[in-house]
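Undergrad: Attaching a predicted model along with its sequence, questions to come.
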Number of protein chains: 2
Amino acid sequence: MICVLSGGVGAARLLRAMIDVVEPTSLVAVVNVGDDVVIHGLTVCPDIDTIIYTLAGLSDDARGWGLGDESWRVMEELDALGGESWFRLGDRDLATHLYRSQRLAQGLTKTDVTRELAVRRRIPVTVLPVTDDVVSTEFDTNLGRLTFQEYFVRHRHDLAVRAINVVGLSQARATSQVISALRESDRIVIAPSNPLISIDPLLRVPGVRDAIAHRRGEVVAVSPIVGGAALKGPADRLLHQFGHDVSPVGVADFYGDVVDRWIIDEVDAAYGADLRARGFAVTVTTTVMAEPHHARRLAEAVLA
Amino acid sequence: MICVLSGGVGAARLLRAMIDVVEPTSLVAVVNVGDDVVIHGLTVCPDIDTIIYTLAGLSDDARGWGLGDESWRVMEELDALGGESWFRLGDRDLATHLYRSQRLAQGLTKTDVTRELAVRRRIPVTVLPVTDDVVSTEFDTNLGRLTFQEYFVRHRHDLAVRAINVVGLSQARATSQVISALRESDRIVIAPSNPLISIDPLLRVPGVRDAIAHRRGEVVAVSPIVGGAALKGPADRLLHQFGHDVSPVGVADFYGDVVDRWIIDEVDAAYGADLRARGFAVTVTTTVMAEPHHARRLAEAVLA
């Protein structure tokens, strides 16, 4: 069994590459829920949905989020009504949120509903929300306290962030499935997701770090910073704002000794010596998954 | 000011006819909420929406419910997911429910949201939910206790009903807007809606009967039974099952002295004598609103 600590798009693409080089049923995605949102009465889990859609072959890779063959009639009508429509929910995508909200209202946990959605989308990977409790990553900005999606979508993460808060941690607990998976897996992979706002909120859920400390095998992390920038999203700016180097070394220092081995891009090969000096094993390969054969090679490096 | 006690389609069509013969801003629809439903996390108010859509000229009269120019992508995807999709919500219609659910979550009352929706759909009639409290009309059947929409939509009201329950009345209260409207209106109209499951639950909301007792003007009711049958829905079967005559006289006896004047169809003219003998004034006209000029004549009779 291999556990992949996951945010959204970067993790989804790594998982998609991994299912080509390892038995998919051996993969467990442990997914951040700090960016989940209740909007229009609906519970939306963007990272979980991105992973399921991507592994089901249904994602719109060009748009970068949501489903392919999508339409926008509900949002067009909501616009006409003058409703709050900055958080774009496609018609097909909405079915997922209706399904989830109905099942949660019937008493199922987020873990239960995620399992149902994964089965119904016929994906072979086990997808686990890190917790069934509500934890919310929130941002202190010049505009005050913003929820994750207000910061990320409404303001397109184009705001200086003074503090990142993960609200609800003291009442939260990783699920038993997540704790078992982390303790029993042969390898734990940290996906190239945003370290500060996707992976760190996940690591901070009570139970997660302790389970990782009891790991059987190696913890391998893929650097989300390549050539001094994030491939997607605000990881580079946030690392800089919070005083970290915008480099694999900056991320490695941020994660600390949770990680055993770092996978860095060829353009960052020069950081290998620094990482080794800190006691990490290092693999250098192409980490950008734009080409299928690069994605495959990255997956092989992760699993080596 | 003229108050119209309203269920869904029958009331909507009467109101649509009335706005052609009276200043629309003088009309107040006081609407049943006993069939409101929370489904997929969304609050749906079928009677309110039917009235707003119809008065906005957006209803699909052939289908008999919902919006014209509708599409069903969300429901198709929910079907594909194996979700609960017996309660069909069109894509455009869903925008209304997202809007309402979001505004309710922000702390607005159903009355507030209904006002916003009416303004945004540019309808000149005041639409008031009878109460902002939750009251639910439920049915005891051979399949056990069913909610309104389970009975009405899921089972197409094709079940014997042992009892009709209006749950939540003891904690409910008509809104102050409804009580004022009923007390101050020059006329109260009971629309040709289902007497047992649309109008009676509305009349039973605490505050309504008392306000009607203090009425200034006439209470006029349009018979929903024409030629021994309901034009739409299960009113005829339910009247029969609960021991009432399936005729204007049966409905008149059910409502009792709340009503001053009955409007009955020409095919039922023979019931006029019985109704007059019971002390009611009677107007005979065409009550079926299939033709615009008949609808107009009915509206004129109501307002006469």
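TA: Received it, and whenever you're ready, just let me know what you need. Numbers count the residues shown, from 1 in each chain, chains lettered A, B, ... in the order given.
Undergrad: contacts and neighbour counts: CA atoms only from here.
TA: Fine.
Undergrad: what ranges do the helices span in the stretch 51-200 of chain A?
TA: Assignment of helices within the stretch 51-200 of chain A using DSSP state H, counting those that start in this stretch yields the ranges A:73-80, A:91-105, A:110-120, A:148-149, A:176-184, A:200-203.
Undergrad: Adding distance to residue B:228 and mean pLDDT, write these out as a markdown table.
TA: What follows is the helices of the stretch 51-200 of chain A, written out as a markdown table (distance: least, C-alpha to C-alpha, whole Å; pLDDT from 0 to 100):
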| stretch | distance to residue B:228 | mean pLDDT |
| --- | --- | --- |
| helix A:73-80 | 41 | 97 |
| helix A:91-105 | 40 | 98 |
| helix A:110-120 | 48 | 98 |
| helix A:148-149 | 57 | 95 |
| helix A:176-184 | 62 | 98 |
| helix A:200-203 | 66 | 98 |
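Undergrad: now those as JSON lines including distance to residue B:70 and mean neighbour count?
TA: As requested, those are arranged in JSON lines below (distance: least, C-alpha to C-alpha, whole Å; neighbours: other C-alpha atoms under 10 Å in any protein chain shown):
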{"stretch": "helix A:73-80", "distance to residue B:70": "9", "mean neighbour count": "20"}
{"stretch": "helix A:91-105", "distance to residue B:70": "13", "mean neighbour count": "22"}
{"stretch": "helix A:110-120", "distance to residue B:70": "27", "mean neighbour count": "19"}
{"stretch": "helix A:148-149", "distance to residue B:70": "30", "mean neighbour count": "22"}
{"stretch": "helix A:176-184", "distance to residue B:70": "43", "mean neighbour count": "20"}
{"stretch": "helix A:200-203", "distance to residue B:70": "41", "mean neighbour count": "22"}
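Undergrad: Could you point out which of these sits nearest residue B:103?
TA: With C-alpha to C-alpha as the criterion, residue B:103 lies closest to helix A:73-80 of the helices of the stretch 51-200 of chain A, at 12.6 Å.
Undergrad: Quick one: residues in contact with that closest one.
TA: For helix A:73-80, the surrounding residues in contact (C-alpha atoms under 8 Å, 6 or more residues apart in numbering or on different chains) are A:84-85, A:88-91, B:71, B:91-96, B:98-99.
Undergrad: Stretch A:133-151 now?
TA: So stretch A:133-151 is contacted by A:33-37, A:87, A:157-169, A:171-173, A:197, A:201 (C-alpha under 8 Å, 6+ apart).
Undergrad: need the residues of chain A near chain B, please.
TA: Within reach of chain B by C-alpha under 8 Å from any C-alpha of the partner chain, chain A has these residues: A:39-42, A:71, A:73-75, A:77-78, A:81-84, A:91-96, A:98-103, A:105, A:117, A:120-121.
Undergrad: show me where pLDDT drops low in the stretch 101-250 of chain A?
TA: The stretch 101-250 of chain A contains no residues with pLDDT under 70.
Undergrad: What residue in it comes nearest to chain B?
TA: residue A:102 (4.0 Å; C-alpha to the nearest C-alpha).
Undergrad: can you give me phi and psi for the nearest residue to that residue once chain neighbours are set aside?
TA: The shortest distance from residue A:102 to any non-neighbouring residue, by C-alpha to C-alpha, 6 or more residues apart in numbering or on different chains, is to residue B:40 (4.0 Å). The phi/psi pair for residue B:40 (degrees, to the nearest 10) reads phi 60, psi 30.
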